[in-house]
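Novice: When you get a sec, could you give me coordinates for this:
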Amino acid sequence: MATGNREIYASSANHEARAIKIYPEIPLTTEWQRQANSFIELGFHTELNLTKKEYFKSLPKFEAQPEEYRGRLDIPVIVETRIPLERMFILLDIYDHFSRADSVKNWEKDEFETPKTPYTTWLKKLNDYLDVSANAVRKTLKPDERGGNFLDGIAFYLSNPYYKDHYFYLGLPGSQDDSGHNLVPCLSRIFKDIEIEKIYDDMPNDVKNWIVAGRRINTKV
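Specialist: Residues are numbered from 1 along each chain as shown. Take a look at the predicted model:
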């Protein structure tokens, strides 16, 4: 199981590899600042009609990692909830094949309600789960875990510089499509663009990685 807690590499403007350190190679407070800065670079503060200073103050801080999460839920993320998905897709250059972002909601059996304000949480990425269905992944969730939803997936993507320059396929078992077809969304870059795909929840598929979140969140700024 990968925790994402390694030194990873992204390409600089001149295509030379440069090391980008992420938690735990940097303090949790520095990791928070790094993620918050990336939101500023994307213009999230402008979307919310806030100054940079106001936006920073509106984001919740990371709480210390719960002891029972260690070695399992090891990836801290800030999850921005105030920007509609349609706008989020535009800001992040995500191509939505279905043009129905409003049809995506949290998986009902997770009983998780996304707060109206940003939150922080701890994630894990399940690796090498090829030919496994979303429902099979859901059955592995522990009592203090929930399936990663769409916003958790976006937060994971933004928190990990590796995915800025590499192909990926992330399943989001904490989300479901509201069309009545038992579909689960995925965030991927198979070719050049970042795309949204939807797969049947009971069908083994080519998704290699699944996002799982801890049930404990923090919304306090």
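
Novice: Contact partners for Ile154?
Specialist: For Ile154, the contact set (C-beta atoms under 8 Å, 6 or more residues apart in numbering) comprises 79-80, 88, 92, 187. For glycine as for every other residue, the C-beta is placed from the backbone atoms N, C-alpha and C.

Novice: Of the residues you listed, which is the most crowded?
Specialist: Val79 (27 neighbours; other C-beta atoms under 10 Å).

Novice: Surely it is in contact with Lys116?
Specialist: No - look at Val79 against Lys116 with C-beta atoms under 8 Å: they stay out of range, at 12.0 Å.

Novice: want to try TSV for the contacts of Ile154, with secondary structure as columns?
Specialist: Output for those, formatted as TSV (DSSP: H, G, I helix; E, B strand; the rest coil):
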residue	secondary structure
Val79	strand
Glu80	coil
Met88	helix
Leu92	coil
Leu187	strand
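
Novice: now those residues in a markdown table, with pLDDT?
Specialist: A markdown table is the format used below for those (pLDDT from 0 to 100):
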| residue | pLDDT |
| --- | --- |
| Val79 | 98 |
| Glu80 | 98 |
| Met88 | 93 |
| Leu92 | 94 |
| Leu187 | 92 |
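
Novice: Among those, find me the one that's closest to Leu123.
Specialist: Nearest to Leu123 among the contacts of Ile154 is Val79, at 9.5 Å by C-beta to C-beta.

Novice: where's the closest residue to that closest one other than its chain neighbours relative to Met203, distance?
Specialist: Excluding its sequence neighbours, the residue lying closest to Val79 (C-beta to C-beta, 6 or more residues apart in numbering) is Ala155, at 4.4 Å. Look at Ala155 and Met203: by C-beta to C-beta, to the nearest Å, they are 26 Å apart.

Novice: Could you check the pLDDT of Phe89?
Specialist: Here, the pLDDT recorded for Phe89 equals 91.

Novice: do the same with the one 4 residues further on
Specialist: Turning to Asp93, the model gives it a pLDDT of 92.

Novice: Name the nearest residue to it, ignoring sequence neighbours.
Specialist: Distances taken as C-beta to C-beta, 6+ apart put Ile194 closest to Asp93, at 6.3 Å, once the chain neighbours are dropped.

Novice: Counting by contacts, list what the strand or helix carrying Lys125 packs against.
Specialist: Taking DSSP states H and E as the criterion, Lys125 maps to strand 119-126. Here strand 119-126 touches strand 75-79, helix 150-159, strand 209-214, going by 3 or more C-beta pairs under 8 Å, 6 or more residues apart in numbering; DSSP states H and E.

Novice: how far does it sit from the chain's center?
Specialist: 7 Å (C-alpha atoms, centre = their mean, to the nearest Å).
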